[in-house]
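1. how would this look folded up:
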Amino acid sequence: MARERIYLFDTTLRDGQQTPGIDFSVEDKIAIAAMLDEFGVDYVEGGYPGANPTDTAFFERKRTQNASFVAFGMTKRAGVSAANDPGIAALNGSKSDAVCYVAKSWDYHVRVALGCSNEENLENIRQSVAATVAAGKEAMVDCEHFFDGYKANPDYALSCAKTALDAGARWVVLCDTNGGTQPHEVRAAVDAVIAAGVPGERLGIHAHDDTGQAVANSLAAIDAGARQVQGTLNGIGERCGNANLVTIIGNLALKPAWAERFEIGITDDGLEGLTRLSRGFDELLNRSPAPQAPYVGGSAFATKAGIHASALAKDPSTYEHVAPEMVGNNRHVMVSDQGGKSNFIAELHRRGISVAKDDPRLDTLIAIVKEREATGYAYEGADASFELLARRTLGDVPQFMEVVSFRSLVERRHNAIGKVITVAEAVVKVNIDGEERMSVAESANGPVNALDMALRKDLGKYQAEVADLELVDYKVRILNGGTEAVTRVLIESADATGLRWWTVGVSENIIDASFEALMDSITFKLMKNRGHAGLAAAE
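-> Numbering: from 1, shown residues only. A predicted model of the protein is given here:
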């Protein structure tokens with residue numbers, strides 16, 4: 001039996017831009033549109049041409065090759081014809097394939113926000129859609145606040161949807177704008193819309209996540225008959241975000257409840273790029289991926305407890321709902337003070353380190369990890385430091401250099417123009433092949449940055465090897481109270497290959513803890529360059 005088609009509509013570049021702290025440039029939008037287009041979504045909504053210079057410039061050219069390129073905007077204003085509305089002209093004159101109008105469908109908003117009559121609002125919808133169809137573009141209408149409007153005045157909410165359809169809209173999209181609707185309410189409303197004469201193959205769903213149910217609401221709408229689903233990459237959006245399109249795709253493609261009934265425009269091979277798409281988007285935003293994101297998170301297929309790891313080694317399906325490779329993710333058995341031998345053996349094997357279960361060195365490694373974690377180390381979040389510890393315990397890490405000493409100073413002073421500034425200075429001495437080298441660096445960004453600069457300033461024959469090493473994240477955790485507290489530092493590093501790794505340092509002195517993590521990062525980089533770091537292969 002042929003499966004029905006579900007159409008994927010991405011609104012990252014429009015609704016996702018409402019996220020606090022996110023402000024896409026034209027270049028950002030071009031890059032993200034290309035990522036979505038290559039991945040295989042059906043619609044890429046790019047923004048609101050005419051509303052701001054960025055979106056206007058973005059729509060000067062068509063930005064997709066395969067996906068429909070969508071411009072977003074308001075229906076015409078009351079009292080002005082569509083032909084004389086500059087907003088309508090900007091939308092229909094843009095280099096888009098389609099136009100998505102936002103239209104009020106809650107009579108309370110029509111009265112308060114628009115200040116017009118219910119019939120005038122319907123006429124705004126009717127003329128706007130007709131103008132876009134006449135311009136040769138695909139028209140669709142986002143019925144804003146549909147579910148709240150349906151609860152307050154079902155007849156009027158339904159008339160808005162029907163008016164859009166009758167005017168020629170390809171899609172009528174039901175929006176849970178406030179994000180408070182429950183899945184059973186979504187199903188009932190979609191049933192009512194279909195019963196009123198809007199067929200499911202012309203219906204879409206646009207859900208917000210204010211109750212944590214945007215994905216559930218989207219799937220409920222599909223179950224009830226909707227055939228277009230809107231969302232954003234990684235669920236970004238105003239307030240609590242939009243429906244996470246990445247999670248929706250994983251469910252539609254891999255869960256039998258939907259995969260056996262529906263198909264999406266993404267092949268099995270393409271689905272393997274889901275994790276890369278999600279993490280690549282976070283990289284563009286310059287933020288760390290959410291570790292517990294469904295399907296694509298670093299912890300999505302991770303296990304920590306020993307009995308779970310033992311079962312995973314026998315059959316991964318014992319603790320995995322799908323195979324991680326299907327979405328381009330990896331299985332990850334974490335090592336911690338809660339882990340048994342199965343965890344360690346599985347994790348070592350993943351990194352290309354072979355060790356027998358009865359090898360006494362394995363017992364030594366487990367004892368060291370448990371002892372160190374009792375003092376504050378966290379190897380489950382510091383993959384590279386764990387690998388170095390394991391290889392050192394098993395006798396497999398070269399002595400690239402010896403740190404003779406380091407010193408870090410912070411000075412607060414007046415500069416040449418009398419402004420008070422704080423400057424950090426660091427001095428590092430290392431011994432490489434019997435030759436002692438000393439480097440000095442100064443930074444206005446603090447003592448850790450000064451240490452990082454000094455440490456990598458002159459590493460002799462290794463200098464060129466660390467040129468592409470970059471510190472991309474730095475986290476500090478105080479493990480107990482007071483100014484004498486023990487501090488844990490986690491550092492995330494990356495290089496030109498795109499590989500990222502975490503290292504850890506623990507000390508009563510934050511500078512000492514930071515330096516330990518920095519040294520592990522450099523050592524891991526040198527190991528990786530020689531093909532001796534299993535993490536590189538595992539990733």
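2. where are the low-confidence patches of the protein?
-> Low-confidence segments of the chain (pLDDT under 70): 1, 304-319, 332-340, 342-343, 380, 481-484, 534-539.
3. next one: the helix or strand where Glu442 lies to chain centre, how far?
-> According to DSSP states H and E, Glu442 maps onto strand 435-443. The chain centroid and the centroid of strand 435-443 are separated by 38 Å under Cα atoms, centre = their mean, to the nearest Å.
4. So which elements touch that strand?
-> strand 420-432, helix 447-455 (3 or more Cβ pairs under 8 Å, 6 or more residues apart in numbering; DSSP states H and E). C-betas here are computed from N, CA, C, even on glycine.
5. quick one: the helix ranked longest in the chain to helix 447-455, angle?
-> Of all segments of type helix in the chain, defined using DSSP state H, the longest is helix 510-529. Per axes from the mean of the first three to the mean of the last three Cα atoms, to 10 degrees, the angle that helix 510-529 makes with helix 447-455 is 40 degrees.
6. buried sites along helix 510-529?
-> 510-511, 513-528 (16 or more other Cβ atoms under 10 Å).
7. where exactly do the strands run in the stretch 251-400 of the chain?
-> 262-263, 302-303, 332-333 (DSSP state E, counting those that start in this stretch).
8. How about residues contacting the first one?
-> Read that as strand 262-263. 3-6, 222, 252 (Cβ atoms under 8 Å, 6 or more residues apart in numbering).
9. Of those - the most surrounded one?
-> Counting neighbours by other Cβ atoms under 10 Å, the top entry in the contacts of strand 262-263 is Ile222, with 28 neighbours.
10. Am I right that that residue is in a helix?
-> Yes. Assignment of Ile222 by DSSP: H, G, I helix; E, B strand; the rest coil places it within a helix.
11. Tell me which residues touch it, please.
-> Counted by Cβ under 8 Å, 6+ apart, Ile222 has contacts 6, 205, 229, 252, 258, 262.
12. which residue packs closest to the last one, ignoring adjacent ones?
-> Among residues not flanking Phe262 along the chain, Ile6 sits closest, at 4.7 Å (Cβ to Cβ, 6 or more residues apart in numbering).
13. For the one you found, give me its contacts.
-> Ile6 makes contacts with 222, 227-229, 252, 258, 262-264, as judged by Cβ under 8 Å, 6+ apart.
14. Now flag whichever of those residues is closest to Asn480.
-> Taking Cβ to Cβ as the measure, Asn480 lies nearest Leu252 of the contacts of Ile6, at 46.9 Å.
15. and the gap between the closest residue to that closest one other than its chain neighbours and Ile248?
-> The shortest distance from Leu252 to any non-neighbouring residue, by Cβ to Cβ, 6+ apart, is to Trp258 (4.8 Å). Applying Cβ to Cβ, to the nearest Å, the value for Trp258 to Ile248 is 9 Å.
16. Relative to Gly16, how far out is the closest residue to Asn529 other than its chain neighbours?
-> Of all residues not flanking Asn529 in the chain, Glu465 sits nearest, at 5.3 Å (Cβ to Cβ, 6+ apart). To Gly16, Glu465 is 39 Å away according to Cβ to Cβ.
17. next one: Asn445
-> From Asn445 across to Gly16, the span is 30 Å (Cβ to Cβ).
18. Compare those two (neighbour count), which wins?
-> Ranked by neighbour count (other Cβ under 10 Å), Asn445 and Gly16 place Gly16 first, with 26 against 12.
19. quick one: the helices in the stretch 301-450 of the chain?
-> 306-314, 341-350, 360-375, 383-393, 447-455 (DSSP state H, counting those that start in this stretch).
20. Deepest-packed of those, please.
-> Each of the helices of the stretch 301-450 of the chain was scored by mean neighbour count; the highest is helix 383-393, a mean of 24, by mean count of other Cβ atoms under 10 Å.
21. OK, contacts around Cys175?
-> Cys175 touches 105, 142-147, 206-207, counting by Cβ under 8 Å, 6+ apart.
22. what about 6 Å?
-> 142-144, 146, 206 (Cβ atoms under 6 Å, 6 or more residues apart in numbering).
23. Same question for Gln65.
-> Contacts here follow Cβ under 6 Å, 6+ apart; on that basis Gln65 touches Asp37.
24. So it belongs to a strand, correct?
-> No. According to three-state DSSP, Gln65 belongs to no strand; its state is coil.
25. Helices of the stretch 51-200 of the chain, start to end?
-> Counting by DSSP H, counting those that start in this stretch, the helices of the stretch 51-200 of the chain are 53-58, 86-93, 107-109, 118-134, 146-152, 154-167, 183-195.
26. Relative to the whole chain's centre, how far out is the fifth one?
-> When you say that, I think you mean helix 146-152. Going by Cα atoms, centre = their mean, where helix 146-152 is centred and where its chain is centred differ by 31 Å.
27. list the contacts for the closest residue to Thr177 other than its chain neighbours?
-> Closest residue to Thr177 apart from its sequence neighbours, by Cβ to Cβ, 6+ apart: His145 at 4.6 Å. His145 sits next to 106, 109, 177 when contact means Cβ under 6 Å, 6+ apart.
28. separation between His145 and Ala71?
-> Separation of His145 from Ala71 (Cβ to Cβ) stands at 21 Å.
29. Over to Thr503?
-> In terms of Cβ to Cβ, Thr503 sits 46 Å off from Ala71.
30. Next: Thr422.
-> Going from Thr422 to Ala71 by Cβ to Cβ gives 48 Å.
31. So for these two, which sits in the more crowded spot?
-> Ala71 (28 against 11).
32. List the residues that contact the more buried one.
-> 49, 59, 91, 94, 96, 99.
33. one more time with 7 Å, if that's ok
-> Listed by Cβ atoms under 7 Å, 6 or more residues apart in numbering, the contact set of Ala71 reads 46, 49, 59, 91, 94, 96, 99.
34. could those residues go into JSON lines alongside distance to Gly235?
-> Shown next, in JSON lines, are these (distance: Cβ to Cβ, whole Å):
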{"residue": "Gly46", "distance to Gly235": "19"}
{"residue": "Pro49", "distance to Gly235": "25"}
{"residue": "Phe59", "distance to Gly235": "25"}
{"residue": "Leu91", "distance to Gly235": "27"}
{"residue": "Ser94", "distance to Gly235": "27"}
{"residue": "Ser96", "distance to Gly235": "25"}
{"residue": "Val99", "distance to Gly235": "25"}
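35. got CSV for those, with neighbour count too?
-> Shown next, in CSV, are the contacts of Ala71 (neighbours: other Cβ atoms under 10 Å):
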residue, neighbour count
Gly46, 28
Pro49, 25
Phe59, 23
Leu91, 29
Ser94, 26
Ser96, 26
Val99, 26
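36. With respect to Gly381, which of the residues you listed is nearest?
-> Looking across those and measuring by Cβ to Cβ, the closest to Gly381 is Gly46, at 36.9 Å.
37. did I read that right, that closest one in a helix?
-> No. Per three-state DSSP, Gly46 lies outside any helix segment and is strand.
38. Which residue, neighbours along the chain excluded, lies closest to it?
-> Using Cβ to Cβ, 6+ apart, the nearest residue to Gly46 is Leu13, at 5.0 Å.
39. what's around that neighbour, how many residues?
-> Count around Leu13 with other Cβ under 10 Å applied: 26.
40. now the one 10 residues further on
-> When neighbours are counted by other Cβ under 10 Å, Asp23 registers 9.
41. Starting from Pro49, give me the distance back to the nearest residue to it once chain neighbours are set aside.
-> Using Cβ to Cβ, 6+ apart and skipping residues adjacent in sequence, the residue nearest Asp23 is Gln17, 7.2 Å away. Shown here: Gln17 relative to Pro49, a distance of 14 Å by Cβ to Cβ.
42. can you check Ile236 too?
-> 21 Å.
43. Sounds good, over and out.
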